[in-house]
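Asker: Provided below for reference: sequence and predicted model.
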Amino acid sequence: MSNDFSARVPTRPYYGWFVVAGLFLVLTVSSGLGFYNMSVYMNVLAARTGYSVSALSVAVSLFFVVGGVAGIWVAALLDRYDVRVVMITGAALAGISLGCTAHAQTLWQLYGLYLLFGTGNSAVSIVTSTTLVTRWFPGKNRSVALSVASTGLSMGGVLITPLTARLFNELPVGTVMPWLGVAFFGLIAPVVIGLLGRRTDGHHEAGHATLREAGWPFRMAVRSRFFVLVTTAYVLCMGAQVGGIAHLYNRTEGLFGFEVAATAVQVLTVMSILCRLVGGVLVTRISMRAYTLGNLLGQATGLGLVGLAESPVGVLVGAGVFGATVGNLLMLHPLWLAEAFGVKAYARIFSLSNAITVLGVAGGPIVLGLIYDWQGYTLAYEGAMGLSLIAWMVMFAAGSTPPADAAPQES
């Protein structure tokens, strides 16, 4: 009897959770030294080079745009090569280009380095991480795994950005920047080799033999009404979300001072982290469509509260409600596409949808800024609330999943 019992007890934890831990660390580094550090780089490079903030903002925009578009190329590479090769190559390219930015002699050289930085960073960011989680977790644990791994995106801003800002205050830019490039590669590569040291495409594992074969072919998926509507909704959603985040500090500081503004950003970040972890569990118990629609309504409510706030408490409540939806909406995008279209061509399907949403990421801050210049932040944030509500309507029209009878029976 004891032998029978021991045979049923797992002898080791599922290796996919080690992959999740590794991805958490990778995303912490890539987002901390990439996404969240952009404003820090812009300030110190403006002081060092004398270039205007607007000129340096173009470099930041290039980083985001090329990162989204390069994700399509990364997805194709993930289908052909060992993911470790793709990630280490990307980390090397990003680290070298980041380290060289302080020594750019012209604005065009700086733009070129940011293009390379965005390209390399895309190989160790959202497309790769969601693809690995999707392949390793075919069941209900997928949402929990993705919520844990993607929390690294927020932790990068919490842990790394304050540290690098302090380094720039104490040391010359030309000294710090090369070491940040070394850190980008030096912190990511050992994780890829160590925690992600086995073949990490998942489909070769026991029970995963047919995983990659399950799902829609790429061409059929991206032409479906569901894909078009969900992607359109996320363009609107991300425009409102990124625009709201980009202007939150300035909106709050102008009304209540820098201390309340800094607290508002912290509240948003903490709520994003906590609610994403809670959301990963909730999605295993409730409809993913209902949860997504609920978060869109929450985003609209939070943005509206920030826009109408007349007291510090009001803006902090708005930031908290808004923050509670930020991490969840980012997590639900890849989850819903994986649930709808399967794993067969997931990397290419999600990377295309993610690249299109860059229109919202890049356009949101600009639109809110233009409205602010015209009529002030109250109308700007009400406009962001309106975008979220339109996104809700488009998402509602998409339905839960593509029609079952439209799903291909063979590739």
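Answerer: In hand now; what should we look at? Residues are numbered from 1 along each chain as shown.

Asker: Distance-wise, check the residue lying closest to A59 once chain neighbours are set aside relative to V260.
Answerer: The spatially closest residue to A59, leaving aside those adjacent along the chain, is Y114, at 4.3 Å (Cβ to Cβ, 6 or more residues apart in numbering). Heads up, the C-betas are built off the backbone N, CA and C, glycines and all. Y114 is 32 Å from V260, where distance means Cβ to Cβ, to the nearest Å.

Asker: the more surrounded of those two?
Answerer: Taking neighbours as other Cβ atoms under 10 Å, Y114 and V260 compare with Y114 leading, 26 against 17.

Asker: neighbours around L77, how many?
Answerer: For L77, using other Cβ under 10 Å, the count is 17.

Asker: element containing it, please.
Answerer: helix 53-78 (DSSP states H and E).

Asker: Report the buried residues of that helix.
Answerer: 55-57, 59-72, 74-75, 77-78 (16 or more other Cβ atoms under 10 Å).

Asker: Ok, stretch 39-53 next?
Answerer: By neighbour count with 16+ other Cβ under 10 Å, stretch 39-53 contains the buried residues 40-42, 44-46, 49, 51.

Asker: where does the stretch 301-411 of the chain have low pLDDT?
Answerer: In the predicted model of the stretch 301-411 of the chain, residues 403-411 satisfy pLDDT under 70.

Asker: doesn't F35 make contact with I160?
Answerer: No - using Cβ atoms under 8 Å, I160 makes no contact with F35, being 10.3 Å away.

Asker: which of those two has more neighbours?
Answerer: When I160 and F35 are compared for neighbours, I160 comes out ahead with 23 against 20, by other Cβ under 10 Å.

Asker: so how far is A391 from the closest residue to the more buried one other than its chain neighbours?
Answerer: In this structure, I160 finds its nearest non-sequential neighbour in G32, 2.7 Å apart by Cβ to Cβ, 6+ apart. For G32, the distance to A391 (Cβ to Cβ) stands at 28 Å.

Asker: A102 now?
Answerer: According to Cβ to Cβ, A102 and A391 sit 39 Å apart.

Asker: on that earlier part again, filter the buried residues of stretch 39-53 down to the ones in helices?
Answerer: Judged by DSSP state H, helices contain the following of the buried residues of stretch 39-53: 40-42, 44-46, 49.

Asker: Mind putting the residues you listed into a markdown table with pLDDT and distance to V86?
Answerer: Formatted as a markdown table, these follow (pLDDT from 0 to 100; distance: Cβ to Cβ, whole Å):
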| residue | pLDDT | distance to V86 |
| --- | --- | --- |
| V40 | 78 | 28 |
| Y41 | 82 | 25 |
| M42 | 77 | 29 |
| V44 | 80 | 31 |
| L45 | 83 | 29 |
| A46 | 79 | 34 |
| T49 | 80 | 33 |
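
Asker: and the helix or strand where V306 lies, which residues are buried?
Answerer: Using DSSP H and E, V306 maps to helix 288-308. Buried residues in helix 288-308, counted by 16+ other Cβ under 10 Å: 288-289, 291-296, 298-307.

Asker: how about low-confidence regions in this structure?
Answerer: Residues of the chain that meet the criterion pLDDT under 70 lie in 1-11, 53, 197-214, 403-411.

Asker: can you list the domains in it?
Answerer: Annotated domains of the chain cover 15-194, 218-399 [automatic domain parsing].

Asker: Select the longest helix from this structure.
Answerer: Per DSSP H, the chain has its longest helix at helix 225-256.

Asker: Good, we can wrap up now.
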